[in-house]
Every structure is written in structure tokens, then in C-alpha cells.
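**Student:** the sequence and its predicted three-dimensional model are supplied below.
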Amino acid sequence: MSDRRVVTRFAPSPTGELHLGHVRSALEGWRAARQSRGRFLLRLEDIDRTRCRDDYAAAIVEDLLWLGLDWDGPVRRQSEHLDDYRGALDRLAAFGVVYPCFCTRREIAAEIAGAGGAPQGEAGPRYPGTCRRLSRVERTARQRRGHDFALRLDVARALALTGPLAWIEEAGGVPRPVAARPEMLGDVVLARKDTPTSYHLAVTVDDALQGVSLVTRGADLAPATHIHRLLQALLGLPTPHYRHHPLLTDAAGRRLAKRDRALTIRAMRAQGLRPADIIARAFAAG
Ligand code: GLU
């Protein structure tokens, strides 16, 4: 057990019901906080108003309480803190590392296909950088004409400002430094025309604002940490330690799918499973 008091968080998006994978993430954080007499925070990542629902948010709170988890302080809802993200975005823009992107999803897919699928990052297809090459005049003209746009991070330019970066990874029990390679994800979206943040920006700002010192989440989010580390460096924010836990798999070694409704806490509860059974399952698998 570590002798530092850790501040951890569980940060689900209320776009559906909690499932076994969430139980693992929440428990990893809750145990680390309670064992070190630290703090465990609950944050609802509800920026995407088209997919997030209040009834899911209420169900998340109820499921966590039923599992026996408690948290410190009020629940933070990202949708109530847009000014925090807007401020961070303005600071990034002032460094000249943000540019408007007018491409539609379809255009991006066509461009990637046309280039022989070339800019394929380890973390999936990367944005090919089309709008990064637009002139200032062209950008302004398109914005004036009211074209829809997203704001993207110019990763190469940002890295030139920060130099090499790393974080401490605690997965597996032995902390080790991991070199950040944000170029693997390419120029990610930081905000949209009408929404002043994306997941990457909001999570980075919130972890710092809430004093989170250990981020526990599934290994599927490990690629995102490369970008979060870069944003921390640009914004002058502290870097938490990270523990990306293995993803849960079924008996055949297949990754458990979020859409498998049999694995929601509610479904398992309806089958008569108790909190301790569900928690044991969340740690037995994967
Ligand atoms: N909101 C994200 C999700 O539900 C998790 C974010 C995080 O833990 O960093 O997948």
C-alpha cells in the first residue's frame, strides 16, 4: 500500500447503464482512495447532450450506492462547468496550437481511403490534417460564411512547444514511466462550434481542478492519455499517476461489450446477484 493519500475518481458518461467494466474502474479507484485514506470523487461526463440522459445519471448514482460505494463531496457534472473548458481552450488557442477544421466525417473517411488508408495511427485512423494546411484567409472566409467547424489540436506544433513528455503508469503494480506519443492519435478534436470542449479537454481540466492524483480507468482509454499528457503540459497542469486496468473478457477471452445488456448491474441484480458477487466477477474476469 502506498503511503500517499490518493485522490481518485470515477467518471462515467450517462449514456447508458453501468456494466461490469464500470464496476472494475470504479472499484479500482474507490479501493485506492479508501486504502490510502484519500478521496474518491464521482464525476458525470455529460458534455454530449444528445447522448446523455438524466435517468441514466440517476441510475448510475443508485447503482453505485447499491454496490456499497460512497464518494467524497458533490458529484461534478461537466455540463455545469463549460466556462472552465472554454477558458482552457482560449489558453490553448493563444499558444497557436488550435485550428478550425471544416471537414465532415465523410470527407475525412474519403481522404483517408484515397491516401490508401495511409494515416492510420496505432490508436485507429488519424485525421489527415487537411484543414491544418488552410491559409488564414481561407479559414476566416469559411467561418464568415457560417460553415460548421470543429477545433483541433495541432499536435506537432504543440509538441514543439513542450518537448518530450512522460507519465507514471501504475498498471501491473510496479510504477514505470511511459513516454507520451500524442502523434499516435493525431490532431484530435478539442471542441465543436457550439460545444466548447471534447472529452479530451474536459477530462484533463477536471482531473486537475479536482486535484486527482491517480486516474484509474480501462486500458481502452490508455491511448487517450498520450493526448491528456500533452494538454497538461500546455496548460501548466499537474500530471496524475495512471492505472489502466485490463479490460474484462469472457471465458473465451473476448472483450466484454458494453452493449451486452446481460452485464449491466441492473440485469445482474435482477438475476439475484448481490454486490459482493458482482464485484468478485469484475475482478475475476480480465
Ligand atoms: N467518461 C469516460 C467513459 O465513460 C471515462 C473517462 C475517464 O475515466 O477518463 O468512458
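**Tutor:** Done, it's in.
**Student:** what about the strands in the stretch 101-250 of the chain?
**Tutor:** 120-121, 124-125, 150-153, 166-169, 176-179, 189-192, 214-218, 241-245 (DSSP state E, counting those that start in this stretch).
**Student:** of the ones you listed, which is nearest the ligand?
**Tutor:** Counting by CB to the nearest ligand atom, the ligand lies closest to strand 214-218 out of those; the figure is 3.7 Å. Every C-beta, even on glycine, is put in place using the N, C-alpha and C of the backbone.
**Student:** list the helices and strands that closest one packs on?
**Tutor:** With contacts defined as 3 or more CB pairs under 8 Å, 6 or more residues apart in numbering; DSSP states H and E, strand 214-218 has these neighbours: strand 7-10, helix 20-35, strand 241-245.
**Student:** what's next to the last one, contact-wise?
**Tutor:** The reference is to strand 241-245. Outside of strand 241-245, the residues within contact range by CB atoms under 8 Å, 6 or more residues apart in numbering are 6, 24-25, 28, 32, 167-171, 175, 213-219, 221-222, 225, 286.
**Student:** after it, next one along is what?
**Tutor:** helix 265-270 (DSSP states H and E).
**Student:** re the thing from before, out of the contacts of strand 241-245, which are close to the ligand?
**Tutor:** Arg217, Leu221 (CB under 6 Å from any ligand atom).
**Student:** show me what from the stretch 151-286 of the chain comes close to the ligand.
**Tutor:** So the stretch 151-286 of the chain meets the ligand at Val203, Arg217, Leu221 (CB under 6 Å from any ligand atom).
**Student:** most neighbours among those, which one?
**Tutor:** Val203 (26 neighbours; other CB atoms under 10 Å).
**Student:** not counting sequence-adjacent ones, nearest residue to that one?
**Tutor:** His228 (6.4 Å; CB to CB, 6 or more residues apart in numbering).
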